[in-house]
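In: coordinates only, sequence not included:
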């Protein structure tokens with residue numbers, strides 16, 4: 001029962017993340033990317049602070065070190081992805097980011113010494129195929145591979161680094177969250193990410209690499225509140241609490257629904273068209289999730 005509760009919670013979190021695409025896309029016209037990440041996680045940490053006071057006595061060295069490690073990986077993932085997007089195409093960014101589904105079982109094998117089950121690996125294959133189709137803005141499979149196969153640049157490298165960081169984060173969270181208080185661990189992650197964001201924002205501004213720009217308007221306010229409250233404070237806390245009931249590879253497959261939900265939000269809110277290849281990609285990702293349910297998989301430790 002805990003397994004299915006965990007899977008339902010993770011799918012709900014992914015739905016929330018999918019909604020961030022349309023909202024953040026509009027807000028980034030009026031706020032610099034790294035500053036936005038800093039504000040987002042600072043708000044989330046402040047929101048969780050009152051609840052942490054109730055369990056602060058449980059904070060020990062393991063919680064602190066685990067939270068710092070997860071926070072650093074989390075920060076690397078977010079910044080690498082958002083900066084990489086400035087130098088690569090949306091299609092390549094979407095596909096490369098989705099490659100975290102390949103990194104997750106690798107890190108699971110390296111860090112937990114567990115081999116993903118055959119059903120999980122087959123599900124990964126379906127998901128990768130789905131991401132290829134979903135990443136296409138055109139109507140031909142040849143267009144997809146032509147754009148994805150174009151010159152590898154710094155933006156692609158940063159996006160690949162972000163995908164690897166996400167794969168490592170999912171596995172590290174699986175290991176660390178089993179023995180720690182989830183509220184303290186979630187708070188530490190948000191706090192570390194916020195502090196790193198402040199440091200990087202100051203550095204980039206001082207070096208004239210990315211001036212700290214912030215224009216307060218409805219788009220920015222909506223993006224800060226939605227991502228800070230729902231996509232970070234709530235989602236990170238729930239993920240920290242419930243992901244331990246789901247295998248890392250299975251969690252990765254569930255999280256791969258984010259671009260599917262993002263495409264759905266874009267279609268209904270800003271009327272972005274979805275090609276028939278996009279629909280096929282979403283169907284393949286859903287098939288990947290079904291495959292992992294129908295075939296035997298490894299059990300969480």
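Out: Ah, there it is. Note that the coordinates shown come from a computational prediction; the quantities given were computed from them, not determined experimentally. Residues are numbered from 1 along each chain as shown.

In: lowest confidence element among the helices and strands of this protein?
Out: When each helix and strand of the chain is scored by mean pLDDT, DSSP states H and E, helix 141-148 comes last, with a mean of 62.

In: which helices and strands does the helix or strand following that helix pack with?
Out: Once the chain leaves helix 141-148, the next helix or strand it forms, by DSSP states H and E, is helix 154-176. Here helix 154-176 touches helix 61-84, helix 90-98, helix 100-112, helix 248-255, going by 3 or more CB pairs under 8 Å, 6 or more residues apart in numbering; DSSP states H and E. In short, each C-beta sits where N, CA and C put it, glycine included.

In: average model confidence for helix 154-176?
Out: In this model, helix 154-176 has an average pLDDT of 91.

In: For that helix, list every residue counted as buried.
Out: 155-156, 158-176 (16 or more other CB atoms under 10 Å).

In: now do stretch 110-121
Out: Residues of stretch 110-121 classed as buried by neighbour count (16+ other CB under 10 Å): 112, 114, 116-117, 119-121.

In: Not counting it itself, show me its contacts.
Out: Residues from elsewhere that reach stretch 110-121, judged by CB atoms under 8 Å, 6 or more residues apart in numbering: 105, 108-109, 124, 171-172, 174-175, 247-250, 253, 291-298, 301.

In: Now list the buried members of those residues.
Out: Neighbour-count burial (16+ other CB under 10 Å) applied to the contacts of stretch 110-121 gives 105, 108, 124, 171-172, 174-175, 247-250, 253, 291-292, 297-298.

In: any low-confidence regions in this protein?
Out: Under the criterion pLDDT under 70, the flagged ranges of the chain are 1, 89-92, 94, 135-152, 272, 296-301.

In: in the stretch 201-301 of the chain, which spans are helices?
Out: In the stretch 201-301 of the chain, the helices defined using DSSP state H, counting those that start in this stretch lie at 218-225, 235-242, 248-255, 258-269, 276-294.

In: For residue 19, find the nearest of those.
Out: Of all the helices of the stretch 201-301 of the chain, it is helix 258-269 that lies closest to residue 19, at 5.2 Å by CB to CB.

In: Could you list every helix and strand that that closest one packs against?
Out: Here helix 258-269 touches helix 2-27, helix 118-134, helix 276-294, going by 3+ CB pairs under 8 Å, 6+ apart.

In: what's the most buried one of the helices of the stretch 201-301 of the chain?
Out: Highest mean neighbour count of the helices of the stretch 201-301 of the chain: helix 248-255, a mean of 27 (counted as mean count of other CB atoms under 10 Å).

In: what helices or strands is that helix leaning on?
Out: Judged by 3+ CB pairs under 8 Å, 6+ apart, helix 248-255 is in contact with helix 2-27, helix 100-112, helix 118-134, helix 154-176, helix 276-294.

In: So which residue is dead centre in this structure?
Out: By CA atoms, centre = their mean, the chain has its centre lying nearest to residue 166, at 6.5 Å.

In: From residue 252, how far off is that residue?
Out: According to CB to CB, to the nearest Å, residue 166 stands 8 Å off from residue 252.

In: Equivalent analysis for residue 120, please.
Out: As for residue 120, its distance to residue 252 is 9 Å (criterion: CB to CB).

In: Spit out the residues that contact these two alike.
Out: Residues touching both residue 120 and residue 252 (CB under 8 Å, 6+ apart): residue 105.

In: who wins for proximity to residue 93 among the helices and strands packed on helix 248-255?
Out: Minimum separation from residue 93 across those (CB to CB) falls at helix 154-176, 5.3 Å.

In: Tell me the spacing between residue 93 and residue 100.
Out: Distance, residue 93 to residue 100, by CB to CB: 12 Å.

In: for residue 211, same thing?
Out: Distance of residue 211 to residue 100, given as CB to CB: 31 Å.

In: More neighbours: which of these two?
Out: A direct count of neighbours by other CB atoms under 10 Å for residue 211 and residue 100 places residue 100 higher, at 23 against 11.

In: does that one really touch residue 167, like I thought?
Out: Yes - between residue 100 and residue 167 there is a contact under CB atoms under 8 Å: 4.6 Å.

In: hang on, the earlier thing: nearest to residue 239 among the helices and strands packed on helix 258-269 would be which one?
Out: helix 2-27 (5.7 Å).

In: Follow the chain on from the closest one and name the next helix or strand.
Out: The C-terminal neighbour of helix 2-27 among helices and strands, as given by DSSP H and E, is helix 33-52.

In: tell me which residues of that following helix are tucked away?
Out: By 16+ other CB under 10 Å, the buried positions in helix 33-52 come out as 33-45, 47-48, 52.

In: Specify the angle between that helix and helix 61-84 in degrees.
Out: Counting by axes from the mean of the first three to the mean of the last three CA atoms, to 10 degrees, helix 33-52 points 150 degrees away from the direction of helix 61-84.
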